[in-house]
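>>> fold the following for me, if possible:
(one chain, ligands or ions: 1)
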Amino acid sequence: MKPARLLNEISLSLKYMSPGGMTVKHIYMDYNATTPLRPEALDALLPYLKEDFGNPSSVHWAGRAVSGAVEKAREQVARLINCSAAEIVFVSCGTEGDNFAIKGTAEALRAKGDHIITTTVEHPAVLASCQALEKQGFRVTYLDVDADGMLDLQALEQAIEEKTILISIMWGNNETGTVFPIEEVGHIARKYKVRFHTDAVQAAGKIPVDVQSANVDLLVLSGHKIGAPKGVGALYIRKGSRMVSLLHGGHQERNRRGGTHNVASIVAFGLACELAGAELEANYHRVKALRDRLERGILSSITEVKLNGHPEKRLPGTLNVSFSYIEGESLLLNLDMKGIAASSGSACTSGSLEPSHVMGAMGVDVALAHSSTRFSLGPDNTEEEIDYLLEILPPIVQRLREMSPLYNK
Ligand SMILES: Cc1ncc(COP(=O)(O)O)c(C=O)c1O
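This next block holds a predicted model:
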């Protein structure tokens, strides 16, 4: 048995055991946080942690043995988003990619303008990069979204001014799954000759992502959201786009990003992109059917539930719902005890539970924002898992509601 397969078998059998010996079936429904490593990706990367250990920048046999693998991965990543391999820069994660795209563009185009447009619902990797630039004197417009988390294209067009140098708008939202009209955004950006960056960390590999038809100039991907290891990602930089590097160092990545390549992870990432592309349509329908089953089941068996996000224009596996009268964190703990891994819309920062900025931007009321719960599914989930969740969820919600002083029994 191949080592990767063996590891997978062991982890599958551990899945059903809890420390106390009691058996709790582990069901993973947090694919937007991270995904399990694909066994094929693990098989592909292992040789690069063992015999093929060379540095791809070395000219000798050990380097040559691996540089081809890095270039093959570059082509695999490029194919997923329809660009040329030379336009792909490997980075350490989605966060680095977003920082690089935004700060690198701002610095390169500083003489041309000082204005950036983004949205209020971006990932912190984008929001914090923009905030950092504001401290350096750049001006940032944060576009609002509507109650479904959808963007207003007219507001985007109106926000563009002479000094606008960058539009940074995500492809698919990590919390709600709402998919923005990226082709239209690209069209507007092109019309006004403004550089367009999109964070496609959640969208790539799940829905078609094509930088040509969407007129995207900069796009970010992250390996661990599509079955590759954590700690690898890519930034697509359209040929001819002026950029300042974030990481200065060696001549790697055509002088665009210094640092010795994370060869094993890059190889796995390339393969994961190829597989995601090949399986995209089948996985889209499979995962969406599971998500829809879960959504229908929750909405029909539990009262006072609110769907957060756009009802149709949504990533196939994402379901974000708020249950009146309960705290998302308590629900998550109860689900965890039943073996289910999901996620809440609140971030536990310095002891206080802050409701998510995405819920706030959508105008979700604070109590409902606190109860927002995200189930994000992937191709490994099954109908049985959905049905198990649908069986245990209503009594948990009922029990938690009965503990709430606001709940009118
Ligand atoms: C939309 C989005 N952008 C960026 C990131 C950051 O990616 P990474 O974890 O690879 O830094 C994430 C991770 O959750 C994300 O969901």
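>>> so which bits of the stretch 1-150 of the chain are right by the ligand?
Counting by CB under 6 Å from any ligand atom, the residues of the stretch 1-150 of the chain lying close to the ligand are 93-95, 98, 123, 125. C-beta here means a position set from N, CA and C on the backbone, and glycine is covered the same way.
>>> stretch 73-92: how far from the chain's middle?
The chain centroid and the centroid of stretch 73-92 are separated by 17 Å, computed with CA atoms, centre = their mean, to the nearest Å.
>>> quick one, domains of the chain?
The chain breaks down by automatic domain parsing into domains covering 3-37+280-402, 41-275.
>>> burial-wise, tell me which of those comes out on top.
Across the domains of the chain, the average number of neighbours (mean count of other CB atoms under 10 Å) peaks for domain 41-275, which reaches a mean of 20.
>>> which of the residues of the stretch 1-150 of the chain next to the ligand sits closest to residue 117?
residue 98 (15.0 Å; CB to CB).
>>> and the closest one, that one's in a helix?
Yes. With DSSP: H, G, I helix; E, B strand; the rest coil as the criterion, residue 98 is part of a helix.
>>> what's the closest non-adjacent residue to it?
Nearest residue to residue 98 in three dimensions, chain neighbours excluded: residue 125, at 3.9 Å (CB to CB, 6 or more residues apart in numbering).
>>> pretty sure the one you found sits against residue 199.
Yes. The pair residue 125 and residue 199 qualifies as a contact (CB atoms under 8 Å) at a distance of 7.1 Å.
>>> overlap in contacts, these two.
94, 97-98 (CB atoms under 8 Å, 6 or more residues apart in numbering).
>>> now the residues you listed as CSV including pLDDT?
Formatted as CSV, these follow (pLDDT from 0 to 100):
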residue, pLDDT
94, 98
97, 98
98, 98
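>>> and the residues you listed, which is closest to residue 62?
So of those, ranked by how close each gets to residue 62 (CB to CB), first place is residue 97, at 28.6 Å.
>>> helix/strand/coil for the residue nearest to that closest one when sequence neighbours are not counted?
Residue nearest to residue 97 in three dimensions, not counting chain neighbours: residue 220, with 3.5 Å by CB to CB, 6+ apart. Secondary structure for residue 220, judged by three-state DSSP, is strand.
>>> do you know the pLDDT at residue 220?
Here the pLDDT value assigned to residue 220 is 98.
>>> now swap in residue 407 and tell me
Residue 407 is assigned 88 on the pLDDT scale.
>>> my read is that it contacts residue 303, right?
No. Using CB under 8 Å, residue 407 makes no contact with residue 303, being 11.1 Å away.
>>> what is in contact with the two at once?
Contacts common to residue 407 and residue 303, judged by CB under 8 Å, 6+ apart, are absent.
>>> quick one on the thing from earlier: could you give the angle of the strand or helix carrying the residue nearest to residue 98 to strand 218-222?
Per DSSP states H and E: residue 125 is located in helix 124-135. Going by axes from the mean of the first three to the mean of the last three CA atoms, to 10 degrees, helix 124-135 is angled at 140 degrees with respect to strand 218-222.
>>> before we move on, the earlier item: residues touching the residue nearest to residue 98, list them.
By CB under 8 Å, 6+ apart, the contact list for residue 125 reads 94-95, 97-99, 199.
>>> out of these, the closest to the ligand would be?
Comparing the contacts of residue 125 against the ligand with CB to the nearest ligand atom places residue 94 closest, at 2.6 Å.
>>> quick check: beta-bridge partners of the nearest residue to that closest one once chain neighbours are set aside?
Leaving out its chain neighbours, the residue that sits closest to residue 94 by CB to CB, 6+ apart is residue 222, at 3.3 Å. Here residue 222 sits in beta bridges with residue 233, going by DSSP bridges.
>>> from the ligand, how far out is residue 222?
3 Å (CB to the nearest ligand atom, to the nearest Å).
>>> pretty sure that residue is touching residue 233, no?
Yes. Between residue 222 and residue 233 there is a contact at 4.3 Å, judged by CB under 8 Å.
>>> shared neighbours, those two?
Common contacts of residue 222 and residue 233 (CB under 8 Å, 6+ apart): 93-94, 97, 201.
>>> list the contacts of residue 393.
Taking CB under 8 Å, 6+ apart as the test, what residue 393 contacts is 298, 301-302, 335.
>>> which ones are touching the residue positioned nearest the centre of the chain?
In the chain, the residue lying closest to the centroid (CA atoms, centre = their mean) is residue 202, at 3.1 Å. With contact set as CB under 8 Å, 6+ apart, residue 202 has these partners: 32, 170-174, 177, 225, 315, 318.
>>> 6 Å - rerun?
For residue 202, the contacting residues are 172, 174, by CB atoms under 6 Å, 6 or more residues apart in numbering.
>>> for this structure, longest helix please?
Criterion DSSP state H: the longest helix present in the chain is helix 263-301.
>>> looking at residue 320 now. What's its pLDDT?
pLDDT for residue 320: 97.
>>> so what's it bridging to?
Bridge pairing for residue 320 (DSSP bridges) gives the partners residue 308, residue 374.
>>> that one contacts residue 311, doesn't it?
No. Judged on CB atoms under 6 Å, residue 320 makes no contact with residue 311 at a distance of 11.6 Å.
>>> dump the contacts of residue 393 to CSV, plus distance to residue 362 and pLDDT.
Converted to CSV, the contacts of residue 393 look like this (distance: CB to CB, whole Å; pLDDT from 0 to 100):
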residue, distance to residue 362, pLDDT
298, 19, 98
301, 24, 97
302, 21, 98
335, 23, 97
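>>> most widely separated two among those residues?
The largest separation in those, counting by CB to CB, is between 301 and 335 at 15.3 Å.
>>> check contacts around residue 198.
So residue 198 contacts 169, 171, 182, 216, 219 (CB under 6 Å, 6+ apart).
>>> the strands in the stretch 1-150 of the chain, which residues?
27-28, 88-91, 115-119, 139-143 (DSSP state E, counting those that start in this stretch).
>>> could I get those strands as TSV with mean pLDDT?
Below are the strands of the stretch 1-150 of the chain laid out as TSV (pLDDT from 0 to 100):
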stretch	mean pLDDT
strand 27-28	98
strand 88-91	98
strand 115-119	98
strand 139-143	98
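>>> and these: which comes nearest residue 371?
For residue 371, the closest of the strands of the stretch 1-150 of the chain is strand 27-28, at 20.8 Å, according to CB to CB.
>>> partner strands of the closest one and their direction?
strand 340-341 (parallel).
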